[in-house]
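Chemist: Need coordinates for the following:
(chains A and B)
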Amino acid sequence: MAINVKTVRRPEQGTSYIRATLKGMALTFKHMLDRKVTVQYPDVKPEIAPRWRGTHRMEKHPDGRPKCVACGLCPTICPSNCIRLVPGEDDQGNRYPVVYEIDEFRCIFCGMCQEVCPVEAIHVGVDYENSEYTRDRFVYDLDRLMAQDHPVTDLWDPSDPLGQ
Amino acid sequence: MHDVGALSGTPFIIITLVKILAVFTVVMVTVAYMTLAERKISAWIQDRIGPNRVGPRGLLQPIADGLKNILKEETLPRQASRVYFFLAPMISIVPALITFAVIPFAAPLPTPWGIVNMIVADVPIGILYILALTSLGVYGIVMAGWSSNNKYAFLGGLRASAQMVSYEVALAMSLIPVFLLVGNVTLTQMVWTQQQSLGLWLAVPLGLSFLLFVIASFAECNRLPFDLAEAESELVTGYHTEFSAMKFSMFFIAEYSNMLTASALMATIFLGGWDIPFWNGDDMRIIAPGIVEGAAPAVWKTIATLLVFMVKTGFFIFLFMWVRWTLPRFRYDQVMHLGWKVMIPAALVFIITTATTMLVLDSLGMQYGRFPYGVILTLVNTAVLVGFLFVIDRDRVIAGAAPSPARLRAQEGRMTLRRPVPPREREVAGV
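Modeler: Residues are numbered from 1 along each chain as shown, chains lettered A, B, ... in the order given. From the prediction side, this is the model:
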């Protein structure tokens, strides 16, 4: 594309700085009386969407074992390579994760781990308060992931499966 | 006439000291709360709540701010010129604080020792004193910009000086019709004229002066839409870029107390000062030591007039803030254009119109400075004001460097014909 000179045409009639000023001042005055939109955050928590994708959580069996079967799909699909999984197998031949770590700093919260999980074990969650004092606290291990109790994300709305 | 006893000797000195202390304290506290008001008003205009954490509804915020500014570390840039770097905030804050001295803020107060004029110093030069001192304030800003040895600060200082010099002229000229009509430059006399002899607030017979004075005051206080000296988007923060902690705070206090003085001045000159409208019970002045002309002074009248004065001043302070959070900043050439090519000619034309009208009225034998006199001036002023608004409302004025639409269209016609085709486009078109 060639570079073009764009000429802004200003209307000759109907342009007035005085009237525009007064109009602007009327607008700001109206806003002064409007309802305020501030959410007083630490006192009042904002409502977040059910599709919000925040820090992860691992579902558990009733006996406290993780639901994860160490199939390896989530580290494979993960675009930012933030999941470390070392699979293991017990006497009955059940696969389980020996190590399951998510680096929440690397994670881009795309939610693909949740989508790909065949047993609905790993989820992204509706959670946003993640501060820690040290950086290494942001690598969540299996126990930490299982201890999270925030609601999990609805990646898709059952009543609207195509996201329309 | 009421002979209420003159104030003299030791009580005079003590009461004067008390007045100085009281006015200084009130000005400082008002300035502190103006910073809070600014933040609150900006928040409300942007649909926010504003500071509300320190004290009930954020009312102790200025104290927290002040404490923080005192405790913060002062930085001194290595390349800065030490002496002037220290001097600049002082030069900027002193004129800002002492200008309030000549503004009358209430009706005279009767005390057991005599009548007390509610003004710190009723100097005969009145408003000239204010004009002189406010133009001193710009030295602080220029000095701050220069001594910082920082290009942004320097540019800010330069802009401030150019702008203040330009608008100083318009500010003073817009006041000349007031001097003509009042026949004096003291502010007490101006209040008296508006109360009694003319019976009209000067904003009515001298509306154009009022408009020009308000605009020029905005420019003099370096407030938006004329805050070129601290244009954040271009100059970091302008002249006080290198200043920190209490030195920065002093510039801040200076800016706000200038605003306070300008508001009080506008209220005094054009809106009758401490005059309570439509009531003659407060019309009084001290004509000689201990002799009061007009209504009888009383303590409750002093308090009532003080409140009225505060309301009027508060209105202008609010106007300052309201405009700040509404209008974007002018471009530099637009500011200069408005100052030199609009305000000064308009002020000159208005001086001539007012003087001519007064000459005609005087030669017709009408009594100078009385109500009918004011009414005729009002009619003349309305005509001039309407003419002025008509002219500047046509997009002819603040257009700045942009060519007129007609010329643009002519240029555009030529451009489509002669526009050279760049090589890349030629290649694509296969020419």
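Chemist: Any idea how many residues pack against B:Ala298?
Modeler: For B:Ala298, the neighbour count with other Cβ atoms under 10 Å in any protein chain shown is 16. (Each C-beta comes from the backbone N, C-alpha and C, glycine too.)
Chemist: so where's the chain shaky on pLDDT?
Modeler: In the absence of a named chain, this looks at chain A. Residue ranges of chain A with pLDDT under 70: A:1-2, A:9-16, A:156-164.
Chemist: that's the other chain; I wanted chain B
Modeler: Judged by pLDDT under 70, the stretches of chain B that qualify are B:1, B:4-5, B:393-431.
Chemist: pull the longest helix from it.
Modeler: helix B:9-45 (DSSP state H).
Chemist: so does the helix or strand following that one get close to chain A?
Modeler: Scanning forward in sequence from helix B:9-45 by DSSP states H and E, the next helix or strand is helix B:61-71. No: taking Cβ under 8 Å from any Cβ of the partner chain as the criterion, helix B:61-71 and chain A are apart, separated by no less than 15.6 Å.
Chemist: now check the longest helix of chain B, is it near chain A?
Modeler: Yes: against chain A, helix B:9-45 shows contacts by Cβ under 8 Å from any Cβ at B:Ile41, B:Trp44, B:Ile45.
Chemist: Show me what that helix is packed against.
Modeler: Judged by 3 or more Cβ pairs under 8 Å, 6 or more residues apart in numbering or on different chains; DSSP states H and E, the packing partners of helix B:9-45 are helix A:17-33, helix B:61-71, helix B:82-98, strand B:114-116, helix B:245-270, helix B:299-324.
Chemist: Can you mark which positions in it are buried?
Modeler: B:15, B:19, B:23, B:27, B:30-45 (16 or more other Cβ atoms under 10 Å in any protein chain shown).
Chemist: what's the angle from it to helix A:17-33?
Modeler: If you take axes from the mean of the first three to the mean of the last three Cα atoms, to 10 degrees, helix B:9-45 sits at 90 degrees to helix A:17-33.
Chemist: and helix B:9-45, how far out from the chain's middle?
Modeler: Helix B:9-45 sits 17 Å away from the centroid of its parent chain (Cα atoms, centre = their mean, to the nearest Å).
Chemist: how far away is the residue in the stretch 201-350 of chain B positioned nearest to chain A from B:Leu171?
Modeler: Per Cβ to the nearest Cβ, B:Thr326 is where the stretch 201-350 of chain B lies closest to chain A, at 4.5 Å. Using Cβ to Cβ, to the nearest Å, B:Thr326 is found at 22 Å from B:Leu171.
Chemist: can you check B:Thr302 too?
Modeler: B:Thr302 is 30 Å from B:Leu171, by Cβ to Cβ.
Chemist: Would you enumerate the residues in contact with B:Ala288?
Modeler: Neighbour list for B:Ala288: empty [criterion: Cβ atoms under 8 Å, 6 or more residues apart in numbering or on different chains].
Chemist: Okay, and the beta partners of it?
Modeler: Counting by DSSP bridges, B:Ala288 is bridged to B:Ile291.
Chemist: Only the buried residues of stretch A:139-147, if you could.
Modeler: By 16+ other Cβ under 10 Å, the buried positions in stretch A:139-147 come out as A:Tyr140, A:Leu142, A:Arg144, A:Leu145, A:Met146.
Chemist: what about B:Ser244, neighbour count?
Modeler: The local packing of B:Ser244 (other Cβ under 10 Å) involves 16 other residues.
Chemist: Next up, the contacts around it.
Modeler: B:Ser244 neighbours (Cβ under 8 Å, 6+ apart): B:Lys72, B:Glu73, B:Glu74, B:Thr75.
Chemist: again, only this time at 6 Å
Modeler: Each residue near B:Ser244 by Cβ atoms under 6 Å, 6 or more residues apart in numbering or on different chains is listed here: B:Glu74, B:Thr75.
Chemist: Are we agreed that A:Cys71 is in a helix?
Modeler: No: per DSSP: H, G, I helix; E, B strand; the rest coil, A:Cys71 lies outside any helix segment and is coil.
Chemist: any idea how far it lies from B:Ser81?
Modeler: Distance check for A:Cys71 against B:Ser81: by Cβ to Cβ, it reads 71 Å.
Chemist: can you map out the helices along chain A?
Modeler: A:17-33, A:73-77, A:112-116, A:142-147.
Chemist: Pull the contacting residues for residue 100.
Modeler: If you meant another chain, say so; for now it's chain A. A:Leu85, A:Leu142.
Chemist: that's the wrong chain, I meant chain B
Modeler: Going by Cβ under 6 Å, 6+ apart, B:Phe100 touches B:Val27, B:Thr261.
Chemist: Name the single longest strand found in chain A.
Modeler: If you go by DSSP state E, chain A has its longest strand at strand A:95-103.
Chemist: residue in the stretch 51-200 of chain B nearest to chain A?
Modeler: As assessed by Cβ to the nearest Cβ, chain A sits closest to B:Asn52 within the stretch 51-200 of chain B, at 8.1 Å.
Chemist: Name the nearest residue to that residue, ignoring sequence neighbours.
Modeler: Excluding the flanking residues, the one nearest B:Asn52 by Cβ to Cβ, 6 or more residues apart in numbering or on different chains is B:Gly58, at 4.2 Å.
Chemist: give me every residue that touches the residue sitting nearest the centre point of chain A.
Modeler: Centroid check for chain A by Cα atoms, centre = their mean gives A:Arg53 as the closest residue, at 2.5 Å. When contacts are counted by Cβ under 6 Å, 6+ apart, A:Arg53 is found next to A:Phe109, A:Gly111, A:Val124, A:Thr153.
Chemist: Please state the backbone phi and psi of the last one?
Modeler: Translated: A:Thr153. phi -80, psi 140 (degrees, to the nearest 10).
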